[in-house]
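Novice: Below are the sequence and a predicted model; questions follow.
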Amino acid sequence: MVKAVYAEMNIFALIILLVVFLSSSYKVHRYTYEQRTFLCLLILNAVQVTLSTALFIIDGAPGRFMRILNITFDVIEYIFTPFTFFFWCLYVRYQVYRDAGKANRIVPVLLIPVFINFVLTVLSPIKGYFFWFDEYNVYHRGPLFGFYSLICVSYMVGIQIFIIAKRKLITRKYFIPLFAFALVPILAGVLQIFFYGIKLVWTSMTVSVLIISMHLQNNQLYIDHLTGLSNRRQLDRYLKEYSRRKSKKSDGKLIGGIMIDLDFFKNINDIWGHAVGDQALVDAGEILKMSFGKDDLIARYGGDEFVIIFEITDVSELIEAVDRIKANIKKFQKANKAPYLINFSMGYDIYNPEQGTTWQQFLSHIDRLMYENKKDKRIIV
């Protein structure tokens, strides 16, 4: 009866994982770093749920073949377990830094416990370090099972500490799902350690994967796939929400808005091709990211145009933001090895809905200012 209930619960978890996988509509060659790490999490979770179910059902089954099957499945399960947490660590680091290079810097450190776990797992069928089977083919924890548990828990607790330590680099909409991911598996893991025979970690992990899937799908709706910036849909949503809040309550804060156009973008495409043009857009986005904080909205408005929306209390803060952009352009030009130069035309002003201006009118206003700047300005260098 217990085995039947456990199997049904895990089958339901596998169905959820399959639905999540099939709901991913992006093509393989378009996978981003974020999507690849999430896909690894999903697949490893499905493998672990399947193995856990099989091991629970065949535990104690008589015969040499069943003994070999038990040992083989246990070895695979123990080897794969740290890899699940390994990819979760990479996923979180990417969410914090939004840079694959920075996310991967910790890979050598993360692989150390993976390697130790691999060696001890492979030796366990002989030495019984993590597990062993009695003459009735019944599974038993080995003397080093606590060390194995420590490896797994260290990943999860360590990344939770990292999330809290880097919370200033994470926007609120990212912080909650990232922090919530590990809570259910950690609780299930603690129960599994102290209550022998309970296997809840991988079923609970399915819930966490579902949370991240919803988070990732939401990103697809509101993030520009090329630059990683917000898209126009997110910009419209942000401004509508701001206008709604302002109509109910005045907090003394204003909105600074900057409309930006990448100068000579058509020439970059014509001379060096669209692939280089795409890289120029990515570089432009990086310059803007360096110039603003995590809670400021930076959106690709369309084509080679960008919009930045951020809260200010005084017009001087808007001027300072423009100066930061100019300074970061200079830094980029000095370090840049690309065949093109990055220059911006900018239009900027303060948006205050209390003055009767709609957000559509405000965007049109700073768009006109940007084109006036483009028409008669000197090139920013």
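Specialist: Received it, and whenever you're ready, just let me know what you need.

Novice: Going by C-alpha atoms from here, please, whenever you check contacts or count neighbours.
Specialist: Fine.

Novice: which element follows the one helix or strand Ile350 maps to toward the C-terminus?
Specialist: Using DSSP states H and E, Ile350 sits in strand 344-351. Where DSSP H and E defines the elements, the next helix or strand beyond strand 344-351 is helix 359-376.

Novice: for that next one, which positions count as buried?
Specialist: Neighbour counts using 16 or more other Cα atoms under 10 Å place Trp359, Phe362, Leu363, His365, Ile366, Asp367, Arg368, Leu369, Met370, Tyr371, Asn373, Lys374 of helix 359-376 among the buried residues.

Novice: Closest one to Ile342 out of those residues, please.
Specialist: Nearest to Ile342 among the buried residues of helix 359-376 is Lys374, at 13.9 Å by Cα to Cα.

Novice: give me every residue that touches the nearest residue to that closest one once chain neighbours are set aside.
Specialist: Of all residues not flanking Lys374 in the chain, Ser345 sits nearest, at 5.1 Å (Cα to Cα, 6 or more residues apart in numbering). If you count contacts by Cα atoms under 8 Å, 6 or more residues apart in numbering, Ser345 has them with Ile260, Asp261, Leu262, Asp263, Met370, Tyr371, Asn373, Lys374, Lys377.

Novice: Relative to Ile312, which of these is nearest.
Specialist: Nearest member of the contacts of Ser345 to Ile312, counting by Cα to Cα, is Ile260, at 18.5 Å.

Novice: Show me the beta-bridge partners of that closest one.
Specialist: Residues in a beta bridge with Ile260, per DSSP bridges, are Phe306, Met346.

Novice: The chain should start at 229 in everything you say after this.
Specialist: OK, 229 is where the count begins now, so the last one is Ile488.

Novice: Do I have it right that it meets Leu597?
Specialist: No - judged on Cα atoms under 8 Å, Ile488 makes no contact with Leu597 at a distance of 9.9 Å.

Novice: what's the overlap in contacts for the two?
Specialist: Contacts common to Ile488 and Leu597, judged by Cα under 8 Å, 6+ apart, are Met574, Gly575.

Novice: quick one on the thing from earlier: relative to helix 587-604, how tilted is the strand holding Ile578?
Specialist: Orientation check (axes from the mean of the first three to the mean of the last three Cα atoms, to 10 degrees): strand 572-579 against helix 587-604 gives 150 degrees.

Novice: Now do the buried residues in strand 572-579.
Specialist: Quick answer for strand 572-579 (16+ other Cα under 10 Å): Phe572, Ser573, Met574, Gly575, Tyr576, Asp577, Ile578, Tyr579.

Novice: Let's have those in a markdown table, adding distance to Thr309 and pLDDT.
Specialist: Below are these laid out as a markdown table (distance: Cα to Cα, whole Å; pLDDT from 0 to 100):
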| residue | distance to Thr309 | pLDDT |
| --- | --- | --- |
| Phe572 | 49 | 92 |
| Ser573 | 51 | 92 |
| Met574 | 51 | 94 |
| Gly575 | 52 | 93 |
| Tyr576 | 52 | 93 |
| Asp577 | 53 | 92 |
| Ile578 | 52 | 90 |
| Tyr579 | 51 | 84 |
